[in-house]
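[1] Give me a 3D structure for the following:
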Amino acid sequence: MGMFPIKKPMALTKKDILITGIPGIGKTTLIRKLSEELKDFHPAGFYTSEVREKGIRKGFELISLDGGKGLLSHIDIKSPYRIGKYRVDIKGFEDFLDSIPFLDPATRLIFIDEIGKMELLSDKFIRLLKEILNSEKVVIATISLKGDGLIAETKRRDNIRLFEITKNNRDSLLSEILKEIKKFNPALF
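    Just a heads-up that it's a prediction; the model follows:
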């Protein structure tokens, strides 16, 4: 009668990076800089940009890393989905997500800006987010500072490093996060 060795679960590495902070602190700026620094790895993903008219924020636009654009929300669109004063275009958001090769085997690095209330109105985004976070892919994402449910659950995952951007650290955080990515994801480099 032979003994079989007990397989120990592989140690989880903190492969994914989440960036949080108060609105307007520079999360999107940081994620854009990170995507530029890491462009040689052909990342997939998107960031958001404010839609402004006459200096007033009217909504949010989605911009994929390959230059594609979509509308996430606007105060003047018709939609049953609403966060604050913004109406959220769920179908437009989901069509935009379909245009990004998140699940392509060649995609090893993913950027998401952001995991927030508007985005979490989409069941497709929630499914995609869970699949990506459970994959071998490296994820760099911004996430709301406040939030329950999936926002809080995502922050508690074992395989993430959470960075809070503040006025005091926003200039040094780029190099700190790049060091962290190299440390936990040497296969990328």
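
[2] which stretches of the chain form strands?
    For the chain, the strands defined by DSSP state E cover 16-20, 44-53, 56-64, 69-74, 82-83, 86-88, 109-115, 138-143, 160-164.

[3] Could I get the ones you listed in CSV, plus columns for distance to residue 37?
    Glycine gets a C-beta too; all of them are placed from N, C-alpha and C. Converted to CSV, the strands of the chain look like this (distance: least, C-beta to C-beta, whole Å):
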stretch, distance to residue 37
strand 16-20, 13
strand 44-53, 14
strand 56-64, 17
strand 69-74, 22
strand 82-83, 31
strand 86-88, 30
strand 109-115, 11
strand 138-143, 10
strand 160-164, 15
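
[4] Pass me the low-pLDDT residue ranges in this protein, would you?
    1-12, 187-189 (pLDDT under 70).

[5] Which parts of it are helices?
    In the chain, the helices defined using DSSP state H lie at 27-37, 90-98, 123-133, 149-155, 173-184.

[6] Determine the angle, from 0 to 180 degrees, between the last one and strand 109-115.
    Just to be clear, that refers to helix 173-184. Interaxial angle, helix 173-184 versus strand 109-115 (axes from the mean of the first three to the mean of the last three C-alpha atoms, to 10 degrees): 130 degrees.

[7] before we move on, back to that, for residue 106, find the nearest of the helices of the chain.
    The minimum distance between residue 106 and the helices of the chain falls on helix 123-133, with 14.4 Å, by C-beta to C-beta.

[8] Run the angle between the closest one and strand 44-53 for me.
    140 degrees.

[9] Not counting its own residues, what contacts helix 123-133?
    With C-beta atoms under 8 Å, 6 or more residues apart in numbering as the test, helix 123-133 has contacts from 16, 93-94, 97, 102-103, 110, 112, 115, 119-120, 139, 150, 154, 157, 159-160.

[10] Strand 138-143 and that helix, what's the angle between them?
    Counting by the same axes, to 10 degrees, helix 123-133 lies at 140 degrees to strand 138-143.

[11] Please state the offset of helix 123-133 from the chain centre?
    Averaging C-alpha positions (C-alpha atoms, centre = their mean, to the nearest Å) puts helix 123-133 11 Å from its chain's average.

[12] about what we covered before: okay if I get the strands of the chain as a markdown table plus distance to residue 174 and mean neighbour count?
    Below are these laid out as a markdown table (distance: least, C-beta to C-beta, whole Å; neighbours: other C-beta atoms under 10 Å):
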| stretch | distance to residue 174 | mean neighbour count |
| --- | --- | --- |
| strand 16-20 | 10 | 23 |
| strand 44-53 | 15 | 18 |
| strand 56-64 | 19 | 18 |
| strand 69-74 | 25 | 20 |
| strand 82-83 | 29 | 14 |
| strand 86-88 | 29 | 22 |
| strand 109-115 | 14 | 24 |
| strand 138-143 | 11 | 23 |
| strand 160-164 | 10 | 17 |
